[in-house]
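Participant: here you go, sequence then predicted model.
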Amino acid sequence: MRTLKTHKMRIYIIGVVLLMIFLSCSVPCLAKVYTVGDSSGWSLGVDYSTWTSDKTFAVGDTLVFNYGSSHSVDEVTSSDYGTCNVGNSIASYTSGPTTIALNTTGTHYFVCGVVGHCSGGMKLSVPVTGGGGATPATPGTGTSPITKPAPTPPTSTTPGSVPASSETISPNVAVAFSLVCLMFKFILV
């Protein structure tokens with residue numbers, strides 16, 4: 001009798017674990033980390049339109065700008081992007097590498113704020129689609145106010161550049177995987 005009860009409990013636990021795995025994987029499990037310009041980084045002489053042409057950016061993805069002290073990253077509006085104006089920057093970063101999370105849909109615009117660099121090609125337009133119910137921030141339309149977000153602090157675990165674009169595991173998947181491992185440990189003991 002006791003073994004039948006233990007067997008039913010194990011089946012129940014396995015069912016819960018499988019349900020957790022299914023639920024954690026039914027949402028996007030992977031966010032992409034894009035190193036802007038790949039190995040060339042954020043610098044003069046890189047065609048950023050070509051760099052973005054084969055990529056699909058989504059809410060939750062991250063951009064990493066690798067650059068030295070002779071450059072900056074300014075997030076600007078569409079009209080400022082077209083004229084290379086950094087006087088009204090949404091956010092400005094001056095020490096690389098800089099990591100910026102793409103938290104809203106719509107096109108995000110980035111330029112180098114150093115005089116002449118934007119007009120020399122250091123400008124990046126990133127169309128962001130889908131994801132998590134975020135709504136596009138549409139500067140200048142009157143439908144959503146323009147606010148300066150708190151700058152995302154530059155992050156890096158080691159000095160220097162961040163490796164080429166890669167995928168990272170969602171924290172939800174990591175937690176689910178840990179719980180699955182823990183459950184199996186108790187089931188198999």
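Facilitator: Nice, I can see it.
Participant: C-alpha from now on. contacts and neighbour counts both.
Facilitator: Will do.
Participant: are we agreed that Gly120 is in a helix?
Facilitator: No - under DSSP: H, G, I helix; E, B strand; the rest coil, Gly120 falls outside any helix and is assigned coil.
Participant: now it. Nearest residue, chain neighbours left out?
Facilitator: The shortest distance from Gly120 to any non-neighbouring residue, by CA to CA, 6 or more residues apart in numbering, is to Leu44 (6.8 Å).
Participant: quick one: contacts for the one you found?
Facilitator: For Leu44, the contact set (CA atoms under 8 Å, 6 or more residues apart in numbering) comprises 117, 120-122.
Participant: with respect to Thr3, which of those is nearest?
Facilitator: The closest of the contacts of Leu44 to Thr3 turns out to be Met122 (CA to CA; 68.6 Å).
Participant: how about that closest one, what does it touch?
Facilitator: 42-46, 48, 111-112.
Participant: from these, which land in strands?
Facilitator: Of the positions in these, Val111 sit in strands, assigned by DSSP state E.
Participant: follow-up on the earlier one: in TSV, list the contacts of Leu44 along with pLDDT and distance to Asn85.
Facilitator: Below are these laid out as TSV (pLDDT from 0 to 100; distance: CA to CA, whole Å):
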residue	pLDDT	distance to Asn85
His117	94	11
Gly120	93	13
Gly121	93	14
Met122	94	13
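Participant: what ranges do the helices span in this structure?
Facilitator: Secondary structure of the chain (DSSP state H): helices at 2-26, 48-53, 78-83, 171-188.
Participant: worst mean pLDDT across the helices and strands of the protein, which element?
Facilitator: strand 166-169 (a mean of 47; mean pLDDT, DSSP states H and E).
Participant: follow-up on the earlier one: who wins on neighbours among the contacts of Leu44?
Facilitator: Met122 (24 neighbours; other CA atoms under 10 Å).
Participant: tell me how far it lies from Tyr109.
Facilitator: Computed as CA to CA, to the nearest Å, the Met122 to Tyr109 distance reads 11 Å.
Participant: Arg10 now?
Facilitator: 53 Å.
Participant: cool, and Gly45?
Facilitator: Distance from Gly45 to Tyr109, by CA to CA: 18 Å.
Participant: out of these two, which sits in the busier spot?
Facilitator: Using other CA under 10 Å as the criterion, Gly45 and Tyr109 rank with Tyr109 on top: 20 against 11.
Participant: now do the same contact list for the more buried one.
Facilitator: Contacts of Tyr109 by CA under 8 Å, 6+ apart are 75-78, 81, 123-126.
Participant: what about 10 Å?
Facilitator: 74-82, 90, 123-127 (CA atoms under 10 Å, 6 or more residues apart in numbering).
Participant: ChimeraX command for the buried members of these?
Facilitator: The buried subset of the contacts of Tyr109, as determined by 16 or more other CA atoms under 10 Å, is captured in ChimeraX by this line:
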select :74,75,76,77,78,80,81,90,123,124,125,126,127
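Participant: looking at the contacts of Tyr109, which is nearest Ile14?
Facilitator: Pro127 (41.5 Å).
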